[in-house]
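Peer 1: coords please:
(3 chains)
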Amino acid sequence: MKKISLIDHIILWAGVLFLLLPVWLLFASSTHTVETIVKDGLQLLPGSQGFGAYKIALTEASGFTDVATGARMLLNSAIMGLGFAIGKIIVSMCAAYALVYFRIPFAQLLFWIIFSTLLLPLEVRIVPSYEVVSQLGMLNSYTGLIVPLIASATATFYFQQFYKTIPDELLEAAQLDNAGPFRFFIDILVPLSRTMMAAMFIIMFVVGWNQYLWPLMMTTEESYYTIVMGIKSILSVMREARIPDYSVAFAMVILSMLPPVAVVVIFQRWFIQGLVDSEK
Amino acid sequence: MANKRVQFSHPIIPYLFIAPQMLIIAIFFIWPALQAAYLSFMLEDPWGMSREFVGLENYQYLFNSAEYLYSFGFSIVFSALVAFLSLGTALILAVKANAVLHMQSTYRVLITWVYAIAPAVAGITAYFIFNRHIGVMYDFLNSLGWQFNPEADAVDASALLILVSVWKQIPVNFVFFLAGLQGIPKAVREAAALDCANERRRFWTITFPLLAPTGFFLLVINITYAFFDTFGIIDTLTQGTPGGRTTTLVYKVYQDGFLGADLGLSSAQSVVLMLLVLSLTFVQFRFIERKIHY
Amino acid sequence: MNKTLKALTLSAGLLSGLASAATEIEWWHAMGGSLGDTVNAMATEFNASQSDYKITPIYKGGYEETITAGISAFRAGEAPAIIQIFDAGAATIINAKGAALSVEDILVDNGYEFDINSYVPGVRYFYADANDKMIGMPFNSSTPVLYYNKAMLADAGVKPPKTWEEFETTAEKLKQKGYVALAQSHTPWIFFENFHSRHDLQMADKDNGFSGLPNKVMYNNKHLKMHLEHVKAWKDAGYYGYYGRVWGDNENAFVKKEVAMWIGSSGSFGGLKTSADFDFGTSYLPYWESINKDAGTTFIGGAALFAMAGHTDKEYEAVAAFFNYLTKPETQYFWHRETGYVPITNAAYNLAKDDGYYAANPDAEVGIKQLSLDEGEWTKGYRLGFYVQTRESIYREMDRIMSGETTVEAALKAIETDANRNLERFARTVK
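Peer 2: Model prediction:
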């Protein structure tokens, strides 16, 4: 039994290292000088430069407009992640509430319309979506970055399923108390959904933060660049045979993954719950 | 419709609650989807100053294009490989994590954190590691005698893409498999332990069949992932090269529509993709109906 | 939001009589790295030289990304006043009535002199319309040239090859010393387009697209087939290093001394001076004596600046002032010296000569001298619709030729099919 368990641990550690090493390599290399990287390639052990590259990545902007510093891009990503998560939770809680707690004609039709959004990811309708957003004059705006992504109704189903598990007696009691729909929603349903909201928030924040194609098309002004799409500029540099400031480039990559990774690690329990529930 | 016994009924309030959702869907989902269908019958100049009805020409063009058909085939093979490898690795890790008594939650954190990394960021990370000039893996593979050369070799480039896509998808599969394993009742496990002493046989005869529903559901998730979410990985790693051999359907929509400025052609591809996803969903419903209870 | 705010502050300024605010225009460009620094330096100088106009250059990524961004912005009604469009995209913008205004008109309307003959011959008509009216203002003009590592060539006891015939012996000698002889960074531009100009071969019907909308590309010809078959043989023999389609991967092979010679842009000169830690020389693009023993000039590549439609007269005034500044001999000379792009006016070329620049840097003159070689019937340029996609096909097929996946014959056939279909589709969008 003990021997088997040792093998189990070895296999697990192999998996852990497989997942961890690539990111560790970039992190360790970000603390070396550019010369070391150019001469000897990526480094496995941390170097002597400390976090100098991170400071540069955060504060220095390239180009003439001087707005797209790493800090600015992180801020944009945060706005996108938060805006998306919060917006989506509010919109879908309300919609699910209407579907579950009200007798409405055409409920079935509304349900199927909402359901259909799950079938066609944004990538499929990306170019016409871009057209619509540009016709509405929403290019280079946070609204344009966030709202179209909310169209997909994953969270609505999630809350709908959850509301159904809430005992009917609650509503009956509330109605005896003469509580109207708004009060019931705010005073009873929202507090009851707290864990659910937290779990959903974690997932949606990560999804929003990690958007790439959409901001790539939507933003032509550097001041709206998010960090995940901003790292594309590192690639442009390399494709044109210029040597990027490697340590700063690595620092940018690490910075772009830090906030969502932190959220997932710190709120592990909610994250697991959110992942399992939202995909179903 | 297994609905609530009691419900509110009100002529306006429910619509207020559902309005934001419906509005967003109408503007940013239905309108673009209809526009894609409409534009797929059009030929438009790049600047959007004129358009002309061309019937099915864009569709004919697509299905006569060797490149498009290739990307169709590539997407399917690519998805299958990504799904298979990622599910397999995650299953092994989940079974082991379920078996160990100590450090289970540590392992879970150490395996799931990769979920938070954006596909594009995963792609650029791999780009550095497999790069000719600074990439340690590039040197390592070449020192093994594998003439690893993803810029010019289609097989190497595809292998790299698959590797990164698998890496990125392991956490999701792991979480679900672990949840599935932990959902197997203790009584079943104990009975199994008594019945077959051989651990491997126990896995294949008891555990695996019990995990099959999870596995099937994950298969759909993985295929969807490989089709759509790998865009960022492709765009940062290979951009469809070499020789167009790593171009998925979604990447092609982007290339033709956005970079190539051929809106009609790109819209036709969107419509084809919509039909594809619809049929995938249909299959999913046929085999697991548990997903939707309304 | 931002815009409204800007508009509000602007109108508030006007109302309170502070109308002295400079007219601001944006210039989207594709010049990264040290090129971008030079662009910024020029903009800063222009802004400092007067107080009526302020130009803001914005780097948009590579050429393809820049034209894509421009098209999207135009569709959304947010196009910049000036955009840099590369040679392959010229047809897309010049044929689109109402996308761009002619530089010639803008300059003349705003009271500046314009004489098309003051531009060096190769540049004059590349970005002109069917009536020889200049639409785009040539900006960064370059042409493919051969760079060579002096030490490696000396080690092998060879000189840079003038012809491809010569190259075969040169390459063998380099190989014996353990060097890969050659790499190049842009297959469509170097091995397709300029292969045709250098040998004075026709590229497409309708005078390469200059006298009307063409519908046939002539890449599937015996000369190009012969050339590409040689290139493949050279790769197999270890004479030629193919590092994929990305410009930088191939240029880096030269910088990192993996290859002895590299064909890139005359505009790469400035960048190489800083990145290469060895002595390098510059020479003409090789040609096949067997095809044309009097091989002549090459196309002027690079990109031009276009004034996009939809702006105010005041903004076009600023555009005109900036274009006028750009064509000044001093500005041109500065740009030429910093980057290696060729001077586009005769006056600027003469200024560089008089200044003794070429006496001190003979290599810097190679590009412009190559462009001053004999003109032929087919060296004026080309104007092909959806050519950006055709280039994609060329890149794609070259990858496949080099990996042995396809034959040169099949590849040229595939390129021809794609290119002709692109032309046909494009022609129907032109109203």
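Peer 1: is stretch B:42-57 anywhere near chain C?
Peer 2: Yes. Under the criterion of Cβ under 8 Å from any Cβ of the partner chain, chain C is reached by stretch B:42-57 at B:Leu43, B:Glu44, B:Asp45, B:Pro46, B:Trp47, B:Gly48, B:Met49, B:Ser50, B:Glu52. Glycine gets a C-beta too; all of them are placed from N, C-alpha and C.
Peer 1: ok, residue 228 - contacts?
Peer 2: As the question left the chain open, I've gone with chain A. A:Ser77, A:Trp209, A:Asn210, A:Gln211, A:Tyr212, A:Pro215, A:Ser256, B:Ala118, B:Ala120, B:Val121, B:Gly232 (Cβ atoms under 8 Å, 6 or more residues apart in numbering or on different chains).
Peer 1: my question was about chain C
Peer 2: C:Phe191, C:Ile401, C:Val408, C:Ala411, C:Leu412.
Peer 1: burial check on residue 173, number of neighbours?
Peer 2: Just going to use chain A. 13 (other Cβ atoms under 10 Å in any protein chain shown).
Peer 1: please refer instead to chain B.
Peer 2: The tally of other residues near B:Asn173 (other Cβ under 10 Å) stands at 26.
Peer 1: ditto for the one 10 residues further on
Peer 2: By other Cβ under 10 Å, the residues close to B:Gly183 number 10.
Peer 1: next, the closest residue to C:Glu193 other than its chain neighbours: phi, psi?
Peer 2: Once flanking residues are discounted, C:Glu193 sits nearest to C:Phe299: 5.9 Å by Cβ to Cβ, 6 or more residues apart in numbering or on different chains. For C:Phe299, the backbone dihedrals are phi -70, psi 150 (criterion: degrees, to the nearest 10).
Peer 1: any low-confidence regions in the chain?
Peer 2: Since no chain was named, I'll use chain A. Along chain A, the model assigns pLDDT under 70 to residues A:1-4, A:62-67, A:241, A:279-280.
Peer 1: my bad, the chain I had in mind was chain C
Peer 2: C:1-20.
Peer 1: how about it: which residue is closest to chain B?
Peer 2: Nearest to chain B, among the residues of chain C, is C:Gly244, at 2.9 Å (Cβ to the nearest Cβ).
Peer 1: contact partners for that residue?
Peer 2: B:Glu151, B:Ala152, B:Thr241, B:Pro242, C:Asn250, C:Asp399.
Peer 1: just give me the closest of the residues you listed to C:Glu104.
Peer 2: C:Asn250 (37.0 Å; Cβ to Cβ).
Peer 1: work out for me the element the closest one sits within.
Peer 2: Element membership for C:Asn250 (DSSP states H and E) is helix C:247-255.
Peer 1: identify the spatial nearest neighbour of residue 83, chain neighbours not counted.
Peer 2: Answering for chain A, as no chain was given. A:Gly83 sits nearest to A:Ile146 (Cβ to Cβ, 6+ apart), 4.4 Å away.
Peer 1: other chain: chain B
Peer 2: Of all residues not flanking B:Ala83 in the chain, B:Asn222 sits nearest, at 3.7 Å (Cβ to Cβ, 6+ apart).
Peer 1: looks to me like the one you found is in a helix.
Peer 2: Yes. Applying DSSP: H, G, I helix; E, B strand; the rest coil, one finds B:Asn222 inside a helix.
Peer 1: what's the burial count for it?
Peer 2: 25.
Peer 1: same deal with the one 3 residues further on?
Peer 2: Residues near B:Tyr225, counting by other Cβ under 10 Å, number 21.
Peer 1: how about the helix or strand harbouring B:Ala268 and chain A, touching?
Peer 2: Secondary structure assigned from DSSP H and E places B:Ala268 in helix B:263-287. Yes. Counting by Cβ under 8 Å from any Cβ, chain A is contacted by helix B:263-287 at B:Leu263, B:Ser266, B:Ser267, B:Ser270, B:Leu273, B:Met274, B:Val277, B:Leu278, B:Thr281.
Peer 1: between the residues you listed, which is nearest C:Ser268?
Peer 2: Using Cβ to Cβ, B:Ser266 is the member of the residues of helix B:263-287 next to chain A that sits closest to C:Ser268, with 33.6 Å.
Peer 1: next up, the contacts around the closest one.
Peer 2: B:Ser266 sits next to A:Val127, B:Val253, B:Tyr254, B:Asp256, B:Gly257, B:Phe258, B:Gly260 when contact means Cβ under 8 Å, 6+ apart.
Peer 1: which of those lies closest to chain C?
Peer 2: B:Gly260 (4.9 Å).
Peer 1: in this structure that closest one contacts C:Gln389, no?
Peer 2: Yes. Between B:Gly260 and C:Gln389 there is a contact under Cβ atoms under 8 Å: 4.9 Å.
Peer 1: who has more neighbours, these two?
Peer 2: Shown here are B:Gly260 and C:Gln389; by other Cβ under 10 Å, C:Gln389 has more neighbours (23 against 20).
Peer 1: correct me if wrong: that one contacts B:Lys252.
Peer 2: No. Look at C:Gln389 against B:Lys252 with Cβ under 8 Å: they stay out of range, at 11.9 Å.
Peer 1: so how many other residues sit close to the closest residue to C:Asp249 other than its chain neighbours?
Peer 2: Sequence neighbours aside, C:Tyr243 is the residue nearest to C:Asp249 in space, at 4.2 Å (criterion: Cβ to Cβ, 6+ apart). Counted with other Cβ under 10 Å, residues neighbouring C:Tyr243 total 22.
Peer 1: one more: C:Asn292?
Peer 2: If you count neighbours by other Cβ under 10 Å, C:Asn292 ends up with 15.
Peer 1: what do you get for B:Ser279?
Peer 2: 10.
Peer 1: tell me how far it lies from B:Arg286.
Peer 2: Distance, B:Ser279 to B:Arg286, using Cβ to Cβ, to the nearest Å: 10 Å.
Peer 1: between the two, what contacts are shared?
Peer 2: By Cβ under 8 Å, 6+ apart, no residue touches both B:Ser279 and B:Arg286.
Peer 1: once you drop chain neighbours, what's closest to the residue in chain B that chain C sits nearest to?
Peer 2: In chain B, the residue that lies nearest chain C is B:Glu151 (2.9 Å; Cβ to the nearest Cβ). Distances taken as Cβ to Cβ, 6+ apart place C:Gly244 nearest to B:Glu151, at 2.9 Å, with adjacent residues excluded.
Peer 1: quick one: secondary structure of the one you found?
Peer 2: Relying on three-state DSSP, one would call C:Gly244 coil.
Peer 1: report the contact partners of C:Gly296.
Peer 2: Contacts for C:Gly296 (Cβ under 8 Å, 6+ apart) come out as C:Ser197, C:Arg198, C:Asp200, C:Leu373, C:Asp374, C:Glu375, C:Gly376, C:Thr379.
Peer 1: redo those residues as JSON lines? Include neighbour count, distance to chain A and secondary structure.
Peer 2: Shown next, in JSON lines, are these (neighbours: other Cβ atoms under 10 Å in any protein chain shown; distance: Cβ to the nearest Cβ, whole Å; DSSP: H, G, I helix; E, B strand; the rest coil):
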{"residue": "C:Ser197", "neighbour count": "28", "distance to chain A": "24", "secondary structure": "helix"}
{"residue": "C:Arg198", "neighbour count": "27", "distance to chain A": "24", "secondary structure": "helix"}
{"residue": "C:Asp200", "neighbour count": "19", "distance to chain A": "31", "secondary structure": "coil"}
{"residue": "C:Leu373", "neighbour count": "16", "distance to chain A": "27", "secondary structure": "coil"}
{"residue": "C:Asp374", "neighbour count": "10", "distance to chain A": "32", "secondary structure": "coil"}
{"residue": "C:Glu375", "neighbour count": "15", "distance to chain A": "31", "secondary structure": "coil"}
{"residue": "C:Gly376", "neighbour count": "19", "distance to chain A": "31", "secondary structure": "coil"}
{"residue": "C:Thr379", "neighbour count": "25", "distance to chain A": "28", "secondary structure": "coil"}
